[in-house]
Structures are given as structure tokens and as C-alpha cells.
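> structure for this input, please:
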Amino acid sequence: TDERVEEFDRTQYLLGDGPCLSASRTGRSVRMSVEQLGTRWPTLGIAARNAGLEGFLAVPLFNYDVPVGSLNLYSHSAVAETDRDRDLVVVIAEYLGAGLDAIATDHRLERAANALRRGIASRADIERAVGILMIRRDTDPETALSELQASARRESRDLLDVARQMIISADDERT
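Got it, this is the predicted structure:
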């Protein structure tokens, strides 16, 4: 959240590479010192030194086992060689990933429910149009539905659009 860190991040995105982008792309954690960073990405090494950064730890965030970003820890001192910092960030990243999974599931369920509602509403209009054809042609439901589908194919239109147009036409005839 530090302004110097934001400048370093902007540089990573401008260059299209760096520790956090590498973790995001590969799904593997990246831990390095400013010297290692400068060796791999010289321009980022300069930006890191200008920001007073010495250590970097980027842990990938996953959404359903697909890396979608990274949780980054930048330090004004070297990132400890122990696994404590990495383990803490990994645990936080796992919780964030679980949250992303839950949000994605909620959105998928909401989209599925909306699609089901639209499908039910669409089916009612199609059934109404089939009923109109049954009366007009004195035919059974299967034949009427087949005629409606054939009409949609001939006109290269969506079945629901053809059905709704038929309903409008029948309502106009009644008035």
C-alpha cells in the first residue's frame, strides 16, 4: 500500500514481467532479493532500489486451481530465508483463493438461476405460440412445434423470437 511499492508495481505492469506477474503466470511462488531481481529484470532492480525495497515474495492466488493473480510481500529488508513469511503469505493466499472460489460459485449459481427463469419464461411463450398454431392449423402439439421450429430455421431466427412474433400477430388479429 506504500506509494513507493505502487510505483514498483506500475513498473512491473509496464514491463509486463516481474515477481508478481511471474507467480501469477506460473502458479509458483517467487522469493528473491533485490540483487536477484536486478539480475533477472534489470529495470525492475533499479525501480526496487529507488523504492528502497530489498526483498520480494509473490505467492500465486488460485481460482479453481487456475492462477489468477498473486499476493505480494515487499520488504525494506531482505525477505527472511526461513519459511515463516512464505508460510504466512501462502495461508493468506489459500484463504483468498477459497473466497474467490466461493464468489465464483455464487455467481455461477446466480447465472444458472437467471438462465432457468428466462428458460421458463421463454417456454411459456413458445407453448402459447404452439397453441395458436394448433388452433389455426387444427393440428396436434408436436406438429405445431415442428412447424414453429421449421419457420424459425427458414427465417434464420431464434425460436423464441418467432414464437413472440406469432403471439403479437395473434393479439393484433383479435383486436
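> which one's the longest helix in the chain?
When the chain is parsed with DSSP state H, its longest helix is helix 84-137.
> for this structure, which residues score under the pLDDT cut-off?
1, 78-82, 85, 175 (pLDDT under 70).
> how is the chain divided into domains?
As recorded under automatic domain parsing, the domains making up the chain are 3-81, 109-174.
> which of these sits most buried?
domain 3-81 (a mean of 17; mean count of other C-beta atoms under 10 Å). From N, CA and C alone the C-beta is placed, and that goes for glycine too.
> please tell me how far Gly38 sits from Val5.
17 Å (C-beta to C-beta, to the nearest Å).
> mind putting the domains of the chain into TSV with distance to Val90?
Shown next, in TSV, are the domains of the chain (distance: least, C-beta to C-beta, whole Å):
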stretch	distance to Val90
domain 3-81	5
domain 109-174	29
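> wait, a strand at Arg28?
No - read with DSSP: H, G, I helix; E, B strand; the rest coil, Arg28 is coil and lies in no strand.
> got phi/psi on the nearest residue to it once chain neighbours are set aside?
Counting by C-beta to C-beta, 6 or more residues apart in numbering, Arg28 lies nearest to Pro60, which is 6.8 Å off, once chain neighbours are set aside. Note on Pro60: its backbone torsions stand at phi -70, psi 150 [degrees, to the nearest 10].
> circling back: for Tyr95, find the nearest of the domains of the chain.
domain 3-81 (10.0 Å; C-beta to C-beta).
> how distant is that closest one from the center of its chain?
Chain-centre distance of domain 3-81: 24 Å, with C-alpha atoms, centre = their mean, to the nearest Å.
> again with stretch 89-101
On C-alpha atoms, centre = their mean, the centre of stretch 89-101 falls 17 Å from the chain's centre.
> go through it and flag the buried ones.
If you call a residue buried by 16 or more other C-beta atoms under 10 Å, then stretch 89-101 has these buried ones: 89-90, 93, 96-97, 100.
> I'd like the residues you listed as JSON lines, with distance to Glu54 appended.
Converted to JSON lines, the buried residues of stretch 89-101 look like this (distance: C-beta to C-beta, whole Å):
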{"residue": "Val89", "distance to Glu54": "16"}
{"residue": "Val90", "distance to Glu54": "21"}
{"residue": "Ala93", "distance to Glu54": "22"}
{"residue": "Leu96", "distance to Glu54": "25"}
{"residue": "Gly97", "distance to Glu54": "28"}
{"residue": "Leu100", "distance to Glu54": "30"}
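> and which of these is nearest to His76?
Nearest to His76, judged by C-beta to C-beta, of these is Val89 at 16.5 Å.
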